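> need a structure here:
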Amino acid sequence: MSDPKQNINDYELKRQQRQQQQSPSAARSSSLGEQSAPIAEQQPIMRSVAINPLTQNKRTLHFEPALRRVEPGGLAHLQPLRGVSQSELITSKAPPKQQLPARRKSESSLVHKWYVEHLTLPSRSDDLPLFRTSRVVHSTPANVISNRISDCLQSRSIKTKYSKTNDNVAKCRSIDFCKFTIRLYSGGEGGVLVEVQRLCGDAVSFMKDCRAVLNASEGKTEDAQSSADMPLYLRLPVSQMAFAKKVSLPPITQEEQADSVDVTAELLSSHQSDSNMLGMESLVIQTDPLKTLKSTAILASRRILCLSDPGNKAFNMHNYVMSLLIYNEESSSSSSEEMALDDYAMKLRNLAMSALSNALTLFSTENLLLSTISSNREWYTSVLIPKLLQDLSTAAHHPHDACYASRCISTLAESSVEFATKMRESGGYDAIKNAEDVGVREFALLAQDAGNCQNILRCCV
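Down below sits the predicted model:
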């Protein structure tokens, strides 16, 4: 055990040694004077760069514009059509000749045929993991793969724009309005990486198209079962399916059927854009006898075709659907907000075209078409038919609408010689031929519908 006195002595000795070491530095500081100035702390040098100084004082805030829609219940331009003379109707109510929309800057490098050179394939970046919807194809040059994919998209009626730059990208939109892109990369060891990426739309519809594209890139052909998924309609009514025959369902009254159509009318009359889209999708189903009861389909179809139907008192469904078909506007803006609005309006109009096609086909099959539209027949001849032919003339821009327009033209031509004569005088053959050429080149479903329409028009005139 150490002695406490010895520890204290050691501590005092060390303290005296420290004071002796500090005394020389204190003597030097006193020789310099007691009035020495304090040393200022050094500050870091800050640098700044002005980016685009011409506009730094002009800030612009971009707000998403609100959706604008026409109140269908008070469309004065459709209500007074009955009783108006034909000359006045044509000059005042016929839609103006539509000009082709200006080509957007982002679409200036897009062509209809996809050709990719193997040597120009870029390597895929490692920043993102590889998508599961991709496949590496070996022992096949890129131009052969791109041609296979192009033929597959044409056969499946997918609207596509191919890039002619080194991006090697195809921008696609299916008949269900599902958007996706296809890109080609160098897969290493001479292979080609085919990558399909969904942007928006139904995932089930995308997977059907994705599998078909990836199989086509390897040279695999579609079987009969996959090609049966192409039509826009079912092949058998729900009431005739096996499961429906084994189940006893309670009868549905006329009041219940009218209430279901009224619910659709309430959705269409709403000021919410999502409700309008849901209502239009419901209307397409309610006008298709393969998806609903025939009595319900007749009730909903009559509200679309007949302006003075008693069910249109609270909300005129005829005015709403026809206003979407006649008074659509093309936008040439390339901003993301307005492009989203354009996609919304495009899909809403396509659904309206589908509902009109279902209604015309059903009433023509039941021999009720001419009696239903007799009070508004002049409007159909002078306004609707020229608009449908105009949709066929612009089939290269909207092939989905052109498909339904050709079906409407076929039904109207079969029902009345007057309608067929009006189509021929308005250049119907040229419009149908243009749509058929577009379909053969890039949209198989349009080629089929336009070919049938041309045959019907030749037989009726």
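> what about the strands in the stretch 251-400 of the chain?
Along the stretch 251-400 of the chain, no stretch is classed among the strands by DSSP state E, counting those that start in this stretch.
> contacting residues for the closest residue to Cys178 other than its chain neighbours?
Closest residue to Cys178 apart from its sequence neighbours, by CB to CB, 6 or more residues apart in numbering: Gly201 at 2.8 Å. The way it works is simple: take the backbone N, C-alpha and C, and place the C-beta from them, glycine included. If you count contacts by CB atoms under 8 Å, 6 or more residues apart in numbering, Gly201 has them with 174, 176-180.
> ok, 7 Å please
176-179 (CB atoms under 7 Å, 6 or more residues apart in numbering).
> and the furthest pair within those?
Farthest-apart pair in the contacts of Gly201 is Asp176 and Lys179; separation 10.1 Å (CB to CB).
> any regions of the stretch 301-450 of the chain where pLDDT drops low?
Low-confidence segments of the stretch 301-450 of the chain, defined by pLDDT under 70, are located at 329-339.
> return the residues in contact with the nearest residue to Leu388 once chain neighbours are set aside.
Among residues not flanking Leu388 along the chain, Ala405 sits closest, at 4.5 Å (CB to CB, 6+ apart). Going by CB under 7 Å, 6+ apart, Ala405 touches 353, 388, 391-392.
> ok, the residues you listed vs Asn147, which is closest?
After measuring the contacts of Ala405 against Asn147 - CB to CB - the closest member comes out as Leu392, at 28.0 Å.
> contacts for stretch 296-316?
By CB under 7 Å, 6+ apart, stretch 296-316 touches 72-73, 257-258, 260-261, 265, 268-269, 283, 286-289, 317-318, 321, 355-356, 358-359, 362-363, 372-373, 375-376.
> list the contacts of Asp401.
For Asp401, the contacting residues are 349-350, 353, 391, by CB under 7 Å, 6+ apart.
> let's see that with 10 Å instead.
Applying CB atoms under 10 Å, 6 or more residues apart in numbering, we find Asp401 in contact with 325, 328, 346, 349-350, 352-354, 388, 391-392, 394-395, 446.
> now those residues in JSON lines, with distance to Asn452 and neighbour count?
Formatted as JSON lines, those follow (distance: CB to CB, whole Å; neighbours: other CB atoms under 10 Å):
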{"residue": "Leu325", "distance to Asn452": "21", "neighbour count": "22"}
{"residue": "Asn328", "distance to Asn452": "25", "neighbour count": "18"}
{"residue": "Met346", "distance to Asn452": "24", "neighbour count": "17"}
{"residue": "Arg349", "distance to Asn452": "22", "neighbour count": "20"}
{"residue": "Asn350", "distance to Asn452": "20", "neighbour count": "20"}
{"residue": "Ala352", "distance to Asn452": "22", "neighbour count": "23"}
{"residue": "Met353", "distance to Asn452": "17", "neighbour count": "25"}
{"residue": "Ser354", "distance to Asn452": "17", "neighbour count": "24"}
{"residue": "Leu388", "distance to Asn452": "15", "neighbour count": "26"}
{"residue": "Asp391", "distance to Asn452": "16", "neighbour count": "27"}
{"residue": "Leu392", "distance to Asn452": "13", "neighbour count": "27"}
{"residue": "Thr394", "distance to Asn452": "20", "neighbour count": "21"}
{"residue": "Ala395", "distance to Asn452": "15", "neighbour count": "26"}
{"residue": "Leu446", "distance to Asn452": "11", "neighbour count": "28"}
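> is Val194 within a helix or a strand, and which one?
Under the criterion of DSSP states H and E, Val194 resides in strand 191-200.
> what residues sit buried inside that strand?
For strand 191-200, burial by neighbour count (16 or more other CB atoms under 10 Å) applies to 191-196, 198.
> now the two most distant members of those residues.
Applying CB to CB across the buried residues of strand 191-200, the maximum distance is between Gly191 and Arg198, 23.3 Å.
> show me where the stretch 251-400 of the chain has helices.
With helices called from DSSP state H, counting those that start in this stretch, the stretch 251-400 of the chain shows them at 254-269, 273-286, 294-305, 317-326, 336-365, 369-372, 377-379, 385-393, 399-415.
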